[in-house]
Each structure stands twice: as structure tokens, then as C-alpha cells.
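>>> Structure for the following, please:
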Amino acid sequence: MPPEVTVTSVTPTIAPAPARAEAGTSELRALESGLDSLQTARDAGPGRARRLGRSVVPPIVFVLAAVLAWQLYTVISHPRPDLYPGPADVLSALGSAAASGHLATAIGTSLGRGGFGFLLAILIATPLGLLLAEVRWLRRAVGPILSGLQVLPSVAWVPAAILWFGLTDAAVYFVVLLGAVPSIVNGLLAGIDQVPPQLRRVGVILGANRRQLQTRILFPAALPGYVAGLRQGWAFAWRSLMAAEIIAGSLGFGLGSMLEQSRELADLPSVLATILTILVVGIVVELAIFAPVERTLLRRRGLTGASR
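A predicted model of the protein is given here:
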């Protein structure tokens, strides 16, 4: 008789569902941790001090070299001081204006006007940009006009603004709005145009209405273009404000009025000192407000390299 063969059935051991879920969760956490480490290693760049040095030191070196060349020219050529003042003369005029309090008053007045007018421009341009992005036929009708207003020099509006509003702050704000609103609207429209259409479709599938689609999907996705439009809008607003203050010099004592008074007195050192002040104020606002906001926004979205 053939030997008996005992067959033992082997049943595979299957882990319970909670155990499988826990194992899958741990694997996902490990994978996520690895990806985070990889992302951190990839994004790790120079420290804040080094980034600040890279962005600040080169302009300072260039300015010092330009001032040194300017001073050498005045020492070697001996030009007329009333037509070609040296850096010492300009610095002396700037110190006199600061000591008398006129410089602080002019900066405060211009910054107050520019800031308030720019906030008004944001409040007007943001809903207008969202409306034009949604209503295509209105954008086709108004878009070319906004582009034309953006390239039109704001100083051209100053005479009309004075005739309409008189020598009041309303004339200044009118010119500032016409300088800033088109840039902000076009920046927002450019940002919305670059939003992937899949985001809009996902929002529609999830049941978002038109208002929710704009405020919760399109506008946040278009923030890089919107911030770029804000930067450009501030530049146009600041230039428009200076033009209005120069032409309508009786509208308080701002930097534009200070510049015009120095011109009337044929005080070229004071003219150059005021021009440098206007330049420095614009650069400080740009570097202190808009540049950090845009850099943080781009870094959070992975749109900037580690070298920045």
C-alpha cells in the first residue's frame, strides 16, 4: 500500500483592516517626511543675512562709486557751483531742509497723499478687475481704454483736474487714481489669465458659485500677477502725485511743492536734494513693502529659486 500522505492546508494570514490602514498611513507619513526633507534640502539657500547682503551691498557700492566720481569731477573741473553743485553742496542743502523741519513735513504730506490715493485705487481696481475677468464683452470694450490710460502720462490730467476740482486734494487724488488703477486692473487680469483652467473646472464641480469661484479660487491663484500690478500701480501713483504737486504747488507742502519752490529760487542744490529724496522714498517703499510681499508669495508657491 502506498504511504499515507498528510496534506496540511496553509491559510494565508491576512492582517485586519485597521492594521492595514495603519500600515498604509505610516508608509504615507514616511513618504511625506522624505519628500519634505527633499524639498527642504532643495529650497535651502543662503541665510537671510547673505540674501540681504546680496541685494543691498551692490547698490550701495554703485552709489558710493557714483558719488565719488561726481566729487572728483567737481574737484578737477571746478564748474560753476550754481549750475553744477558738488555732493557736499547737495548734502548741505539736504541737511538745512532737515534741520528746518521742511523735509519731514514734505515727506509726511506726500506719503500721506500717496498712501491714501493708492488705497483708493486698490479698492476701485480690484472689483473692477474681477468684473472684467468674468464679463468678456465688457473686457473687450474697456480693456483697450485701460491700456491706453496706462501709457498716458498722468501729468496730462493735472490741468483738467485743477479745472474740475480746483486747487484741492481731490485734484491730486484724481490724478493718482488715473495713474494707479489701470496698472492694478491689468496686473490682476494678467494673473487671472495665467490661472490653469482646471482650477475653474474643479471649483464648478465642487459646487462653487460665481462669487465663490472668483474670491476663493481665481483671485488667490492670480495673486502673483496681482501683486506685480500693485507694485507697478504704486510706481505710477507716486509719479502722478509728484507731477500734481509740482504743477499745483499751493496744495500743501509736499515733495513736489518743495521741488518747485527750489526751482523758483534757482537753488539747484536744493533741487537735486529734493529729487534724491523723492527717489529714496520711492525705493524705500518698494523695498520695505512690495518686494518682501512678492518674494514671500513666490517662495510659498515654489516659483522662486534658492539663489534668491
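
>>> List of residues touching stretch 161-168?
With contacts defined as CB atoms under 8 Å, 6 or more residues apart in numbering, stretch 161-168 is touched by 170-172, 174-175, 244, 247-248, 250-251. For every residue, glycine as well, the C-beta is placed using N, CA and C.

>>> no, scratch that, I was asking about stretch 218-232
Contacts for stretch 218-232 (CB under 8 Å, 6+ apart): 122, 125-126, 129-130, 133, 183-192, 194-196, 199-200, 286, 290, 293-294, 297-298, 301, 303.

>>> Can you flag which of the contacts of stretch 161-168 belong to helices?
170-172, 174-175, 244, 247 (DSSP state H).

>>> Give me the buried entries from these.
Listed as buried from those are 171-172, 174-175, 244, 247; burial here means 16 or more other CB atoms under 10 Å.

>>> residue ranges with poor pLDDT in this protein?
1-49, 51-56, 78-79, 81-82, 208, 249-251, 302-308 (pLDDT under 70).

>>> Which single helix of it contains the most residues?
Longest helix in the chain, counting by DSSP H: helix 102-134.

>>> I'd like to know which elements that helix is packed against.
Applying 3 or more CB pairs under 8 Å, 6 or more residues apart in numbering; DSSP states H and E, we find helix 102-134 packed against helix 87-100, helix 136-151, helix 169-193, helix 223-247, helix 255-264, helix 268-285.

>>> Of these, which is nearest residue 212?
helix 169-193 (15.1 Å; CB to CB).

>>> now for that closest one, which elements pack on it?
Taking 3+ CB pairs under 8 Å, 6+ apart as the contact cut, helix 169-193 packs with helix 102-134, helix 136-151, helix 158-165, helix 219-221, helix 223-247.

>>> cutoff 7 Å now
In terms of contacts (3 or more CB pairs under 7 Å, 6 or more residues apart in numbering; DSSP states H and E), helix 169-193 is packed against helix 102-134, helix 136-151, helix 158-165, helix 223-247.

>>> so which of those is the most packed in?
helix 223-247 (a mean of 22; mean count of other CB atoms under 10 Å).

>>> Centre of the chain to that one, how far?
Averaging C-alpha positions (CA atoms, centre = their mean, to the nearest Å) puts helix 223-247 10 Å from its chain's average.

>>> And stretch 194-211, by the same measure?
Worked out by CA atoms, centre = their mean, stretch 194-211 lies 27 Å from the chain centre.

>>> Find the centremost residue of this protein, please.
Residue closest to the average C-alpha location in the chain (CA atoms, centre = their mean): residue 231, at 3.1 Å.
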